[in-house]
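Student: return a 3D structure for these sequence lines:
(chains A and B)
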There are 2 protein chains.
Amino acid sequence: MGGHPFDDAIELHATQPGRMRGKTSPDWANMVGPFGGLTAAVLLRAIEEQPDRIGEPVSLTVNFAAPVADGDFDIATTAVRTNRTNQHWYAELSQGGDVKTTATAVFGARRDTWSDTEAPPLDVPGPDEIPPGGLHPIVVWARNYEMRYVDGAIPGREAAPAPSSVTTMWVRDQHSRGLDFAALTALSDIFYPRVFLRRGAVSPAGTISLTTYFHADGRDLAAVAGDYVLARAHANRFSRGYFDQSAQLWSRSGELLVTTHQVVYFKT
Amino acid sequence: MGGHPFDDAIELHATQPGRMRGKTSPDWANMVGPFGGLTAAVLLRAIEEQPDRIGEPVSLTVNFAAPVADGDFDIATTAVRTNRTNQHWYAELSQGGDVKTTATAVFGARRDTWSDTEAPPLDVPGPDEIPPGGLHPIVVWARNYEMRYVDGAIPGREAAPAPSSVTTMWVRDQHSRGLDFAALTALSDIFYPRVFLRRGAVSPAGTISLTTYFHADGRDLAAVAGDYVLARAHANRFSRGYFDQSAQLWSRSGELLVTTHQVVYFKT
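Tutor: Numbers count the residues shown, from 1 in each chain, chains lettered A, B, ... in the order given. Here you go, the predicted structure:
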């Protein structure tokens, strides 16, 4: 410990083959339990650290089954299937034998192929042209990020419902930690719930399932280093207590690093 | 057996608590193994049939770890966590002890809340104004569907690369089977790989991970019955052997039934 707050929070040690133990960090507290993006990052890191892991992350789905309590947690990882060029994983995070979070992941070898980014680049002002924003400091985990909202800032006290659920922001690590797959995973959950924006008010809401597709490789991420990432999210449908959200994370140089999707429970 | 081809193909019988056995159906064959959408539907159905299952599907992620061989398969389901209003599942499909497919799912109770469909409705001609299209009859599973392409039909022999990966189609069950969650799950994988369209040619490609968010409930689906569903898919980025795809499935009356995402392995 004593390093960067993100590295401290995702630090794990092996207790036996395929089993690791970690500890929640007060720096990453959310309203109930830790920031979901951090929990997702811990699960990805647990798989990354397995000695038989091959390749880099291609996709990750994390299901938030119950709140993680403050304190120690255990992660069990299983390489369900290893193929020639990819590998399928299942992981469970538990506390006292109670499963709190599950994950499936695909890791794979990347190779040169025809490539194209079809999603249109986002045409927005640079981060230096936008004042710092973010979430209320009561949201402890958000203090780890510098956020600059291009549009769709979190609604304030007197806010009206917004017709669009789009939020676009520049975000970077507050302590200039370099980007890697774990950090990108956490950023996939950087957006406050879209229902807040549409309703113009904060209400109970929590991510149930988070899926991230990694388009960049480790070398691309190292090149981004601690620079800003451009993040945009929108919802498609709010219905009967659930809504979905899709988002993109771009490097400042215009590379689409990640597309990420989630379904969120909400009350109104 | 002897019922509708889809019902025959997803028919399962319990072998012990949490374990079910099924059999691949020649009607649903793909180039290698069965149609991925059918495999996803079988996994969903296995969970639906568990006596301790609560609520309806909210999200499903299926990871295709290895081809399913013709013949019997076993599905093991585990209710990882049961909460008051939702339930988290893990399932594995295996053959001879070899895991071929994994799935995580969230089921939940739905309740009336503020609702809104933010995704703009698709403005397209009705199915009766479009000639039947679909895939080459060599693709056996596709014979179970009537497809009518609004745009983005599968490229023929002399096709040129297309600048857009969008395919929009009306699709319905060839035998007028009613819509339910299993059928919607299969439809989430109805699109041929987007890389074919962009490259103007068929090439090796296969879905690795498929996530579906269910916005409709069982009553909504019963109302659609055997009518056409409007399906649109697009890709965001093709890079180093993988691309992602996002899609929407709408009822003819304009209800967004499902948003669905996948990451696909490809060679060029």
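
Student: return the distance of the helix ranked longest in chain A from the chain's centre.
Tutor: Longest helix in chain A by number of residues, with DSSP state H as the criterion: helix A:36-48. Averaged C-alpha coordinates place helix A:36-48 at 9 Å from its chain's average position (CA atoms, centre = their mean, to the nearest Å).

Student: enumerate the residues of the stretch 51-200 of chain A near chain B.
Tutor: Contact residues, the stretch 51-200 of chain A versus chain B (CB under 8 Å from any CB of the partner chain): A:58-59, A:61, A:63, A:65-66, A:80-81, A:83, A:86, A:88, A:90, A:92, A:98-100, A:102, A:104, A:106, A:108-119, A:164-165, A:195, A:198-199. (Glycine included, C-beta is placed from N, CA and C.)

Student: now do the strands in the stretch 101-250 of chain A.
Tutor: A:116-117, A:145-151, A:167-173, A:205-214, A:229-239, A:242-251 (DSSP state E, counting those that start in this stretch).

Student: partner strands of the fourth one, with direction?
Tutor: The partner list of strand A:205-214 in its sheet, established with DSSP bridges, is strand A:56-64 (antiparallel), strand A:256-266 (antiparallel).

Student: go on, the shortest one?
Tutor: Each strand that pairs with strand A:116-117, with its direction, by DSSP bridges: strand B:229-239 (antiparallel).

Student: for the partner strand, what is the average pLDDT?
Tutor: For strand B:229-239, the mean per-residue pLDDT is 98.

Student: output that strand as CSV, restricted to C-alpha atoms.
Tutor: Extracted in CSV, the C-alpha atoms of strand B:229-239 (Å, rounded to 0.1, in the frame of the first residue of the first chain):
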residue,chain,number,x,y,z
VAL,B,229,-40.1,-7.6,-35.4
LEU,B,230,-38.0,-4.7,-36.7
ALA,B,231,-34.3,-5.3,-36.1
ARG,B,232,-31.4,-2.9,-36.7
ALA,B,233,-27.7,-3.5,-36.0
HIS,B,234,-24.4,-1.6,-36.5
ALA,B,235,-20.8,-1.9,-35.6
ASN,B,236,-18.7,0.6,-33.8
ARG,B,237,-15.1,-0.5,-34.3
PHE,B,238,-13.3,-3.2,-36.2
SER,B,239,-9.8,-3.8,-34.8
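
Student: what's the angle between that strand and strand B:242-251?
Tutor: Strand B:229-239 runs at 170 degrees relative to strand B:242-251, counting by axes from the mean of the first three to the mean of the last three CA atoms, to 10 degrees.

Student: so how far is strand B:229-239 off the chain centroid?
Tutor: 13 Å.

Student: dump the residue contacts of the residue nearest to A:Gly133 when sequence neighbours are not counted.
Tutor: Nearest residue to A:Gly133, sequence neighbours excluded (CB to CB, 6 or more residues apart in numbering or on different chains): A:Tyr149, at 4.3 Å. Applying CB atoms under 8 Å, 6 or more residues apart in numbering or on different chains, we find A:Tyr149 in contact with A:Ile130, A:Gly133, A:Thr167, A:Thr168, A:Met169.

Student: ok, what's across the strand from A:Tyr149?
Tutor: For A:Tyr149, the beta-bridge partners under DSSP bridges are A:Met169.

Student: for it, report the pLDDT, please.
Tutor: pLDDT, A:Tyr149: 97.

Student: do the same with A:Met1
Tutor: 47.

Student: just put the strands paired with strand A:205-214 in CSV and tack on distance to A:Ala186, mean pLDDT and mean neighbour count.
Tutor: Output for the strands paired with strand A:205-214, formatted as CSV (distance: least, CB to CB, whole Å; pLDDT from 0 to 100; neighbours: other CB atoms under 10 Å in any protein chain shown):
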stretch, distance to A:Ala186, mean pLDDT, mean neighbour count
strand A:56-64, 11, 98, 26
strand A:256-266, 11, 98, 24
